[in-house]
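J.: I'd like to go over a predicted model; first the sequence, then the structure.
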Amino acid sequence: MAKQNVNAKLMTGNEACAEAAIVAGMRFFGGYPITPSSEIAEVLAHRLPEVGGIFVQMEDELASMATIIGASLAGVKSMTATSGPGFSLMQENIGYASMTEVPCVIVNVQRGGPSTGLPTLPAQADVMQARWGTHGDHSIIVVAPSTVRETYDWTIKAFNLTEQYRIPVIVLLDEVIAHVNEKMVIPEPETITIIDRKRSTESPDTYQPYKQNDSDIPLFADFGTGYRYNVTGLSHDETGFPTNDPQKINALYSRLSRKLERYQDQIIEYKTEYLKDAEICIVAFGSSARSAYRAVRLARQQGIKVGMFQLFVIWPFPYKILGRLASQIKAFIVPEMNLGQIAHEVSCAIKSDVIKVNRVDGSLITPNEILERIKNVSV
Amino acid sequence: MFPYEKYLRFSKFPHIWCTGCGCGIILKSILRAIERIKLSKNDIALVSGIGCSSRTPGYVDFNTLHTTHGRAIAFATGLKLAKPALKVLVISGDGDATAIGGNHFIHAARRNLDITVIIYNNHIYGMTGGQASPTTPIGKKGSTAPYGSIEPSFDISGLAIAAGASFVARATCYHVVQLDKYLEKGFMKKGFSLIEVLAPCPTYYSRPNRLGTSVDMLRWYKENSIPVEKARTLSEYEKKDKIIIGILEDRERPEFCEEYKKMAERIRKS
Ligand SMILES: Cc1ncc(C[n+]2csc(CCOP(=O)(O)OP(=O)(O)O)c2C)c(N)n1
Ligand code: SF4
């Protein structure tokens, strides 16, 4: 009999997300039930009291987003989970978290939209909303796993990213990843990297919550630990108080966007397969990437030079990397369960049109649909 | 003289409030009540939404959090649950707390979360220029009710009592002695406490409604308020258009942070 791995479990994406969040150190969840994300809340309602954390079911998603920011200000890693309609309601306070640089993780298990849309079926149509859903220029990081194991890893990474850069991180799942049962080997704790926000060791007398430093990432102080400072969603200066001084306003917005720009190479992650000699490249993320991998392998069996580029981090988008690929690749194919949101960005990156494979009917894009397009271009 | 300077961030003055605004009166009362409960400034968090009243945290030397319109109580919920040792106070306007934030208000009261919410009820949206609010009385004008409001107004305190708050009191900016006392009691009370304070907004409420100066408003509060004990002996007709002040509710109910703690301990034992 084959040796059994005791750490191997059958898990859904939603379960993996919830368990990974606890491993990452998340001890505060505030949420409101919505399909197809509810199991994340349900698992955490069980688990958090067991591990000394707080689970609270809020009255709506506006409150869910607000309450996790409040908890994070007290120094506790926090998150919420939702789907389209709830994600829309969270937008104002996501902007608040971005503006005030309060670490937090928002999981959006995507469904078809707009409005109530397709509650029980997958979609990938919140790519743009995740980036630009809240008003104003702002920094945000968006990641998109495609399997249960990746959901586990990327939930932990989401916490690490938000803690490290003090930028809210959105985890985009979809109904398929959320509900599919896959074998999951839980990684050994010592193989997992956990990052905590850098805290100030300065005296509270001289502490300034948004003081400029070389890293562009201000040092945090937990509320209620002797550092009495002000947090506001108004444009503020280094001391944390509202300001109308154009120079100070400019300094704030420049730093907020610089944070994302200067660290993008560290933040961006992707996976490639068969790209070395490829003439055709598939760019995909989430559930669509699963079908895309299959299509690429099938095409390779037929001798077609096609490769795969899977996005793990969608925002910041890897414009430069895809741009460099453009000289080698004669056609980019972008399968996604929306009407071309990532295709548009790929197109910007390669400065040319891409071949779009889209579905918005709640069905997955099949490997065959992608394969057909690959064959079409290869002739 | 009371040592206000101990609590104020003087470098942030001058404040944004108009001459005669009730915000300053309430702020001073809050500081006097805080002095009486003898809590360290480090252990107090003041959370607010958006509005004239919600600008208060910027002027006081606590852990201060100025959030989004209507959501102060929801932010405060996370802060309190994550750090129960903090004394969490919320400042909100009538619009902030009962229009856009009405849902959070009733649900925090229902959970009986141990925070104190102080609502500055000036019957109008001050910050945005005098639009009608859920507490604008029928017939009174606002910039979006130019013919006088036709909507019945909310009884903020009644709402909190119905939703489950442990402690509810109402005062006006005239009755500051009582206000000091209610605030102190509210701060000390385990559970959700609400202090509703009627406050003059001379700029956007009194002026369009020809109610005179701030002093006239204070005089009006004085002449039209009746203590709750007396109100209980009066008929509905006699109470009509009167402001009922006093401690309207003071009861023991299970508090949310404590209930959560108990549940978690039970789970870990089993
Ligand atoms: C989501 C949102 N909607 C609207 C506004 C605009 N706004 C700012 S303050 C305010 C009303 C303030 O009135 P109130 O809460 O009664 O406080 P006051 O200014 O009278 O103290 C409004 C509508 C906003 N800031 N955010
Ligand atoms: S507009 Fe009204 S509430 Fe606002 S500061 Fe002036 S008087 Fe006060």
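T.: Thanks, I have it. Ligands and ions are numbered 1, 2, ... in the order given.

J.: write out the residues of the stretch 51-200 of chain A neighbouring chain B.
T.: Residues of the stretch 51-200 of chain A lying near chain B by C-beta under 8 Å from any C-beta of the partner chain: A:52, A:54, A:56, A:58-60, A:62-64, A:66-76, A:78, A:92-93, A:96. C-beta coordinates here come from the backbone N, C-alpha and C atoms, glycine included.

J.: which of the residues you listed fall in strands?
T.: Of those, the ones assigned to strands by DSSP state E are A:54, A:56, A:78.

J.: now do the contacts for residue 115.
T.: All of this refers to chain A. Residue A:115 sits next to residue A:85 when contact means C-beta atoms under 8 Å, 6 or more residues apart in numbering or on different chains.

J.: sorry, should have said chain B
T.: So residue B:115 contacts B:73, B:76-77, B:80, B:88-90, B:108, B:192-193 (C-beta under 8 Å, 6+ apart).

J.: torsion angles phi and psi at residue B:48?
T.: Residue B:48 adopts backbone torsions of phi -140, psi 170, taken as degrees, to the nearest 10.

J.: and for the closest residue to it other than its chain neighbours, the neighbour number?
T.: Leaving out its chain neighbours, the residue that sits closest to residue B:48 by C-beta to C-beta, 6 or more residues apart in numbering or on different chains is residue B:54, at 3.7 Å. As a burial measure, residue B:54 scores 29 neighbours (other C-beta atoms under 10 Å in any protein chain shown).

J.: check the one 4 residues further on too.
T.: When counting by other C-beta under 10 Å, one arrives at 21 neighbours for residue B:58.

J.: the closest residue to ligand 2 within the stretch 251-379 of chain A sits in which helix or strand?
T.: Of all residues in the stretch 251-379 of chain A, the one sitting closest to ligand 2 is residue A:252 (25.6 Å; C-beta to the nearest ligand atom). Applying DSSP states H and E as the criterion places residue A:252 in helix A:246-267.

J.: that helix and chain B, any residue contact?
T.: No - using C-beta under 8 Å from any C-beta, helix A:246-267 never reaches chain B; the gap is at least 14.5 Å.

J.: ok, and for that helix, which residues are buried?
T.: Neighbour counts over helix A:246-267 (16 or more other C-beta atoms under 10 Å in any protein chain shown) mark A:248, A:251-252, A:255-256, A:259-260, A:263-264, A:267 as buried.

J.: what would the residues you listed look like in TSV with pLDDT?
T.: Listed next are the buried residues of helix A:246-267 as TSV, based on pLDDT from 0 to 100:
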residue	pLDDT
A:248	98
A:251	98
A:252	98
A:255	98
A:256	97
A:259	95
A:260	95
A:263	98
A:264	97
A:267	98
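
J.: which positions in chain B make contact with chain A?
T.: B:12, B:41-43, B:45, B:47, B:57-58, B:61-68, B:70-71, B:74-83, B:85-86, B:103-104, B:107, B:260, B:263-264, B:267-268.

J.: which of those residues are buried?
T.: For the residues of chain B next to chain A, a burial check counting by 16+ other C-beta under 10 Å picks out B:12, B:42, B:45, B:47, B:57-58, B:61-68, B:70-71, B:74-83, B:86, B:103-104, B:107, B:260, B:264.

J.: surely residue B:187 forms part of a helix?
T.: Yes - counting by DSSP: H, G, I helix; E, B strand; the rest coil, one finds residue B:187 located in a helix.

J.: give the closest residue to it in space, chain neighbours not counted.
T.: Per C-beta to C-beta, 6+ apart, closest to residue B:187 is residue B:37, 5.1 Å.

J.: surely the one you found is in contact with residue B:189?
T.: No - using C-beta atoms under 8 Å, residue B:37 makes no contact with residue B:189, being 10.9 Å away.

J.: so which of the two has more stuff around it?
T.: Neighbours of residue B:37 and residue B:189, each counted by other C-beta under 10 Å, are more numerous for residue B:189; the result is 20 against 14.

J.: look up the closest residue to the more buried one, ignoring the ones flanking it.
T.: Using C-beta to C-beta, 6+ apart and skipping residues adjacent in sequence, the residue nearest residue B:189 is residue B:167, 4.1 Å away.

J.: distance check, the one you found against chain A.
T.: 21 Å (C-beta to the nearest C-beta, to the nearest Å).

J.: just list whatever residues bridge to that residue.
T.: residue B:193, residue B:250 (DSSP bridges).

J.: run through the residues that contact it.
T.: So residue B:167 contacts B:185-186, B:189, B:191-194, B:247, B:249-251 (C-beta under 8 Å, 6+ apart).

J.: neighbour-wise, which of the ones in strands among the residues of the stretch 51-200 of chain A next to chain B leads?
T.: residue A:78 (29 neighbours).

J.: what residues are bridge-paired with that one?
T.: Beta-bridge partners recorded for residue A:78 (DSSP bridges): residue A:28.

J.: check contacts around it.
T.: If you count contacts by C-beta under 8 Å, 6+ apart, then residue A:78 has A:26-30, A:68-69, A:71-72, A:104-105, B:78, B:82 around it.

J.: all helices in chain A, in order from the N-terminus.
T.: Chain-ordered helices for chain A, with DSSP state H as the definition, fall at A:13-24, A:38-50, A:61-73, A:84-100, A:127-132, A:148-165, A:175-179, A:246-267, A:286-301, A:319-325, A:341-350, A:367-378.

J.: who touches the fifth one?
T.: Taking C-beta under 8 Å, 6+ apart as the criterion, the residues outside helix A:127-132 that touch it are A:87-88, A:91, A:108, A:140, A:142, A:170, A:172, A:314-315, A:336, A:338, A:341-342.

J.: would JSON lines of these with distance to ligand 2, pLDDT and neighbour count be doable?
T.: Converted to JSON lines, the contacts of helix A:127-132 look like this (distance: C-beta to the nearest ligand atom, whole Å; pLDDT from 0 to 100; neighbours: other C-beta atoms under 10 Å in any protein chain shown):
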{"residue": "A:87", "distance to ligand 2": "34", "pLDDT": "98", "neighbour count": "29"}
{"residue": "A:88", "distance to ligand 2": "31", "pLDDT": "98", "neighbour count": "17"}
{"residue": "A:91", "distance to ligand 2": "27", "pLDDT": "98", "neighbour count": "18"}
{"residue": "A:108", "distance to ligand 2": "38", "pLDDT": "98", "neighbour count": "26"}
{"residue": "A:140", "distance to ligand 2": "33", "pLDDT": "98", "neighbour count": "21"}
{"residue": "A:142", "distance to ligand 2": "39", "pLDDT": "98", "neighbour count": "24"}
{"residue": "A:170", "distance to ligand 2": "36", "pLDDT": "98", "neighbour count": "26"}
{"residue": "A:172", "distance to ligand 2": "42", "pLDDT": "98", "neighbour count": "25"}
{"residue": "A:314", "distance to ligand 2": "43", "pLDDT": "98", "neighbour count": "24"}
{"residue": "A:315", "distance to ligand 2": "39", "pLDDT": "98", "neighbour count": "24"}
{"residue": "A:336", "distance to ligand 2": "49", "pLDDT": "98", "neighbour count": "28"}
{"residue": "A:338", "distance to ligand 2": "45", "pLDDT": "97", "neighbour count": "21"}
{"residue": "A:341", "distance to ligand 2": "43", "pLDDT": "98", "neighbour count": "20"}
{"residue": "A:342", "distance to ligand 2": "47", "pLDDT": "98", "neighbour count": "25"}
